[in-house]
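Trainee: have a look at this prediction, sequence included:
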Amino acid sequence: MSALPEARESLEYWEQRSHTLPRFAVRQRREAREMAARWRARVSEAERLEYGAGLLGVVFMALAERRLPVTARQTGRTVVKAALLTAAMVTVLTVLLIVALFAAAVALVL
């Protein structure tokens, strides 16, 4: 029997707990984040043991379960956060540039 389903269940519990605890429960949120990180490593190791390492393991897992490994999903979340932050910064800088150009045009006309 594989330990993978139990590990995934525990990971889901700790990730959900981390997100549902109130902001002022700092100690409990820290514990939940640490436990989620531990379970993420365990799930990753169980996936590697069951499907193999590398690209071939990812392909086997995608075909068998129609899901990506935990490490790929976590990396995807990080990339999405970085892309959103970059898009927000580019938007703000573009608006500031347009305002500066408009102010320069008005100063030239006057």
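Mentor: Alright, I've got the coordinates. Numbers count the residues shown, from 1 in each chain.

Trainee: just the element for the residue nearest the centre of the chain, please.
Mentor: Residue closest to the average C-alpha location in the chain (C-alpha atoms, centre = their mean): residue 77, at 2.2 Å. Following DSSP states H and E, one finds residue 77 within helix 70-109.

Trainee: which other helices and strands does that helix contact?
Mentor: helix 26-51 (3 or more C-beta pairs under 8 Å, 6 or more residues apart in numbering; DSSP states H and E). (C-beta placed from N, C-alpha, C; glycine too.)

Trainee: give me the buried positions along the helix it packs on.
Mentor: 29, 32, 35-36, 39-40, 42-44, 46-47, 51 (16 or more other C-beta atoms under 10 Å).

Trainee: for the record, mean pLDDT for the next helix or strand after it?
Mentor: Where DSSP H and E defines the elements, the next helix or strand beyond helix 26-51 is helix 54-65. For helix 54-65, the mean pLDDT works out to 87.

Trainee: just the CA atoms of helix 54-65, as CSV, please.
Mentor: Taking C-alpha atoms only, helix 54-65 is exported to CSV below (Å, rounded to 0.1, in the frame of the first residue of the first chain):
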residue,chain,number,x,y,z
GLY,A,54,12.9,13.4,-13.5
LEU,A,55,10.8,14.1,-16.6
LEU,A,56,9.8,10.5,-17.1
GLY,A,57,8.3,10.4,-13.6
VAL,A,58,6.4,13.5,-14.2
VAL,A,59,5.0,12.1,-17.5
PHE,A,60,4.0,8.8,-15.7
MET,A,61,2.3,10.7,-13.0
ALA,A,62,0.5,13.0,-15.4
LEU,A,63,-0.8,9.9,-17.3
ALA,A,64,-1.7,7.9,-14.3
GLU,A,65,-3.3,10.6,-12.1
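
Trainee: got a list of contacts for that helix?
Mentor: If you take C-beta atoms under 8 Å, 6 or more residues apart in numbering as the criterion, helix 54-65 is touched by 47-48, 50-52, 67-69, 72.

Trainee: how about a markdown table for those, with distance to residue 98 added?
Mentor: Output for the contacts of helix 54-65, formatted as a markdown table (distance: C-beta to C-beta, whole Å):
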| residue | distance to residue 98 |
| --- | --- |
| 47 | 48 |
| 48 | 50 |
| 50 | 53 |
| 51 | 50 |
| 52 | 52 |
| 67 | 43 |
| 68 | 40 |
| 69 | 43 |
| 72 | 38 |
